[in-house]
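Student: return a 3D structure for these sequence lines:
(3 chains)
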Amino acid sequence: MTTIDKPRIALVIGSGSVKCAAALGLMKVFEREKIGLDMVVGCSGGSIYASLIALGWSVQKATDTTLKMWTREVTAKRNTRALLQLALPWLVKFDETFGLIDDSLVNRRFREGFAGATFADMKIPLFVTATDLYNGEQVIMSEGSVAEAVRASISIPFIFPPHKVNSRYLVDGFQSDPLPIGVAIKEGADIIIAMGFESPYQDRITSLMRYNFQMSSVTSNNLLKTNYAFHNLAHHSEIIPILPEFEHKIKLFDTDKLPYVIEEGERAAEKQLPFIKGLLGI
Amino acid sequence: MEIIDKQVDGVTILSLTGSIDAMTAPQITEFIQAQIAKGNTKLVADLKGVDYTSSAGLRVLLGAIKETRAQSGDLRLAGIQPDVQKVLNLSGFTNILKTFADPDAAVASYK
Amino acid sequence: MGDKKRITLVIGSGGIKCVAAAGLWRVLQEEGITIDSVVGCSGGSMYGALIANHVDEKVMGELSRTLWTSDIMSGYTESLKASKDGSLRFNEHSGLVDDSVMNKKLREVYGDLKFSDLQIPFKVVATDLLAGGKVVLSEGSVFEAIRASLAIPIIFPPWDVNGRLLIDGAASDPLPIDVAIQDGADIIIAMGFPLDYRSRFRSMTAVQEQLNSIYINNILTSTYAFYNLAHHAEIFPVIPEFDGTVSMFDVDKIPLVIERGEQAARKQMPHIKRLILE
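Tutor: This is a model prediction of the structure:
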């Protein structure tokens, strides 16, 4: 294989809620080693950290921002319209705007957290993925408001309503690809650092909701694996997986575990560092 | 399989006519290899005259994409016919490569 | 190349649409193309078994009429109601439907047939509900394998095969071409059915169905992409096209579905024959 003079490096952060903060740990290592990124791609939870990294904010500032944006309160307010849609469908018509949680708070939190930034303001080119509710295809966002794109990428099924961006109804990015390496390939990356997370399985299935969550994990993990297999064959250069391991279960709002998550991300990155440095010739 | 090459703004347009499949794969590979050997790594494949592509055909296209990208180039597709578009969608290729309505738009994308 | 090429037929998941396999089977017989083995997933496993047993395509159409009737959904409406008022108890063995009618119908067709009784080798793909991975079944009772592979999650109860709770193969591999690859096929004829999308959502179930379809179709694309690159020989996709949707119990559309399967098969025939004769 011919060597590339100056390889373009992409960081892809897959879906995985708070676990995605492990990307900040990776950035600590990369900053120390002066490894620069040419693009960042994020999906679902990963889109938050992809955006914070693309903004060029420090790990401390990124952590503080996460703590301000992502708290349990964002899912605390029930969507009264949704409850009526379920209980009295003949009175309140059911439609694609359905979501059990009122998303006005999370929308405001993202707007404040990202301080009105647009993709054009990013220090590193940023791509955020979501899924088109009507045709199931991956949608790549790289223009306009970052807060809007992140919100669309995190449309947790049934919890948050789909989010309308440029007249398209978008649902969570993990529905079409939990680890969107394809975006980095398409955008011309050479070395792709891919941080991905498998969706956890239920310990016990005790209700219809838990069965639903189990199915979502089953299908998204199968999608993660087959896409990863395809991208590995399709890419002309290296894809380096960084897979942090967590002894403790990290739940949707476990932001108190952020320092631990970041530390594990750092550890996983250190493990791959010699190989990455070898590739870069540094 | 008929292949014609043309240079536009430092980009090589390959116009293909016929089927891209196991039978024509060796010929296409050889043609593209010769282009790359000449240093032409910014390629556009104009598929207006291609009505069929099989799995062997897809592997040929991918081989060219990987090789050009490894040399800071690319292979981008233009003029894709509906039947070929279906195969490209089904096989996930549209997620990893860039496609354009016509060769001019594909050439412009290299700027 | 003088050696005879090994041809495997793969029939993917797609509910009643899978009866299109009867049209493909007709074309293959007319063209004198001999199939060496068959792989089936979900609805596709029902027809795969019949092809592997060299059942006449006319019989396949007739069987479909009796199988895809709405009584296999008995108990669904009541369960759905119970799920809304909170009285529904649900665990990993549950389904919203009472599956006794479906089981009886499938038993009538497949009886005590064993994989080893079939004319040519046959494999069925299902998904492990708890571990999430793909499971390939190729031994023992054909009925059990098909029933497991057909278990649409939430709707039908999973099926226990050798101590594993199995559900719909579509959740892991809706068009399992890899099974054919592992069996050493040179030519793979793959009949697949992308799921239809909705344009309106009038209920929670509709949203749920749409999200599920998005997953399955994306898995279909990514597995197909990978298998195309990973396999040395040719894969011929046979994707029948339907104007508008064909819903689960559209038994009146069976002749049309078979016809579309036949059309899609004919379109690929010149390419398949060229490769066989090469």
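
Student: quick check: residues of chain B near chain C?
Tutor: Counting by Cβ under 8 Å from any Cβ of the partner chain, chain B comes close to chain C at B:19, B:21-23, B:52, B:54-56, B:58-59, B:62, B:86-87, B:89-93, B:95. (Each C-beta comes from the backbone N, C-alpha and C, glycine too.)

Student: from those residues, which would you call buried?
Tutor: Neighbour counting with 16 or more other Cβ atoms under 10 Å in any protein chain shown marks B:19, B:21-23, B:52, B:54-56, B:58-59, B:62, B:87, B:89-93, B:95 as buried within these.

Student: next step: these restricted to helices.
Tutor: B:Ser55, B:Ala56, B:Leu58, B:Arg59, B:Leu62, B:Val87, B:Asn89, B:Leu90 (DSSP state H).

Student: possible to save those residues as JSON lines with pLDDT?
Tutor: Shown next, in JSON lines, are those (pLDDT from 0 to 100):
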{"residue": "B:Ser55", "pLDDT": "86"}
{"residue": "B:Ala56", "pLDDT": "86"}
{"residue": "B:Leu58", "pLDDT": "89"}
{"residue": "B:Arg59", "pLDDT": "90"}
{"residue": "B:Leu62", "pLDDT": "92"}
{"residue": "B:Val87", "pLDDT": "89"}
{"residue": "B:Asn89", "pLDDT": "87"}
{"residue": "B:Leu90", "pLDDT": "85"}
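
Student: so which of those is the closest to chain C?
Tutor: Ranked by distance to chain C (Cβ to the nearest Cβ), those are led by B:Ser55 at 4.3 Å.

Student: list the contacts for that closest one?
Tutor: B:Ser91, C:Asn228, C:His231, C:Ala233, C:Glu234, C:Ile235 (Cβ atoms under 8 Å, 6 or more residues apart in numbering or on different chains).

Student: if we use 6 Å, what do you get?
Tutor: C:Asn228, C:Glu234, C:Ile235 (Cβ atoms under 6 Å, 6 or more residues apart in numbering or on different chains).

Student: out of these, who's near chain B?
Tutor: Filtering these for proximity to chain B by Cβ under 6 Å from any Cβ of the partner chain leaves C:Asn228, C:Glu234, C:Ile235.

Student: most neighbours among these, which one?
Tutor: Highest neighbour count within these: C:Asn228, with 26 neighbours (other Cβ atoms under 10 Å in any protein chain shown).

Student: buried ones in stretch A:256-267, by neighbour count?
Tutor: A:Lys257, A:Leu258, A:Tyr260, A:Val261, A:Ile262, A:Glu263, A:Glu264, A:Gly265, A:Glu266.

Student: can you check stretch A:178-197 too?
Tutor: In stretch A:178-197, counting by 16+ other Cβ under 10 Å, buried: A:178-187, A:189-197.

Student: show the pLDDT at whichever residue of chain C sits closest to chain B.
Tutor: Closest residue of chain C to chain B, Cβ to the nearest Cβ: C:Ala225 (3.1 Å). On the pLDDT scale, C:Ala225 is placed at 92.

Student: what residue in the stretch 151-282 of chain A comes nearest to chain B?
Tutor: A:His236 (3.7 Å).

Student: so the closest residue to that residue other than its chain neighbours is in which element?
Tutor: The spatially closest residue to A:His236, leaving aside those adjacent along the chain, is B:Lys66, at 3.7 Å (Cβ to Cβ, 6 or more residues apart in numbering or on different chains). Using DSSP states H and E, B:Lys66 sits within helix B:55-69.

Student: what comes into contact with the following helix or strand past that helix?
Tutor: Using DSSP H and E, the helix or strand that follows helix B:55-69 in sequence is strand B:74-78. Contacting residues not belonging to strand B:74-78 are listed as B:43-47, B:64-65, B:68, B:98-100, B:102-103, B:106 [Cβ under 6 Å, 6+ apart].

Student: equivalent analysis for stretch A:157-167, please.
Tutor: Counting by Cβ under 6 Å, 6+ apart, residues outside stretch A:157-167 touching it are A:96-97, A:99-101, A:103, A:133, A:148, A:151-152, A:155, A:169-171, C:211.

Student: buried residues in it?
Tutor: Buried, per 16+ other Cβ under 10 Å, within stretch A:157-167: A:Pro157, A:Phe158, A:Ile159, A:Phe160, A:Pro161, A:Pro162, A:His163, A:Val165.

Student: cool, stretch B:41-52 as well?
Tutor: In stretch B:41-52, the ones that count as buried by 16+ other Cβ under 10 Å are B:Thr41, B:Lys42, B:Leu43, B:Val44, B:Ala45, B:Asp46, B:Leu47, B:Val50, B:Tyr52.

Student: so of the residues you listed, which ones are in strands?
Tutor: Using DSSP state E, the subset of the buried residues of stretch B:41-52 located in strands is B:Lys42, B:Leu43, B:Val44, B:Ala45, B:Asp46, B:Leu47, B:Val50, B:Tyr52.

Student: just the closest of those to chain C, please.
Tutor: B:Tyr52 (6.8 Å).

Student: for that closest one, which non-adjacent residue is spatially closest?
Tutor: Nearest to B:Tyr52 is B:Ser19, by Cβ to Cβ, 6+ apart, at 4.2 Å.

Student: for chain B, what lies in contact range of chain A?
Tutor: B:Lys66, B:Arg69, B:Ala70, B:Gln71, B:Gly92, B:Asn95, B:Ile96.

Student: do that again at 10 Å, thanks
Tutor: Residues of chain B lying near chain A by Cβ under 10 Å from any Cβ of the partner chain: B:36, B:41, B:59, B:62-63, B:65-74, B:89, B:91-98.

Student: so how far is the longest helix anywhere in chain C off the chain centroid?
Tutor: Longest helix in chain C, counting residues (DSSP H): helix C:204-230. Centroid separation for helix C:204-230 versus its chain: 14 Å, with Cα atoms, centre = their mean, to the nearest Å.

Student: quick check on residue 42: phi, psi?
Tutor: Using chain A. phi -140, psi 150 (degrees, to the nearest 10).

Student: try chain C instead
Tutor: The phi/psi pair for C:Ser42 (degrees, to the nearest 10) is phi 50, psi -130.

Student: and it, how many neighbours does it have?
Tutor: 32.

Student: so how far is chain A from it?
Tutor: 14 Å (Cβ to the nearest Cβ, to the nearest Å).

Student: check contacts around A:Ile48.
Tutor: A:13, A:17-18, A:20-21, A:23, A:42, A:62, A:65-66, A:69-70, A:110, A:113-114, A:128, A:146, A:150, A:153-154 (Cβ atoms under 10 Å, 6 or more residues apart in numbering or on different chains).
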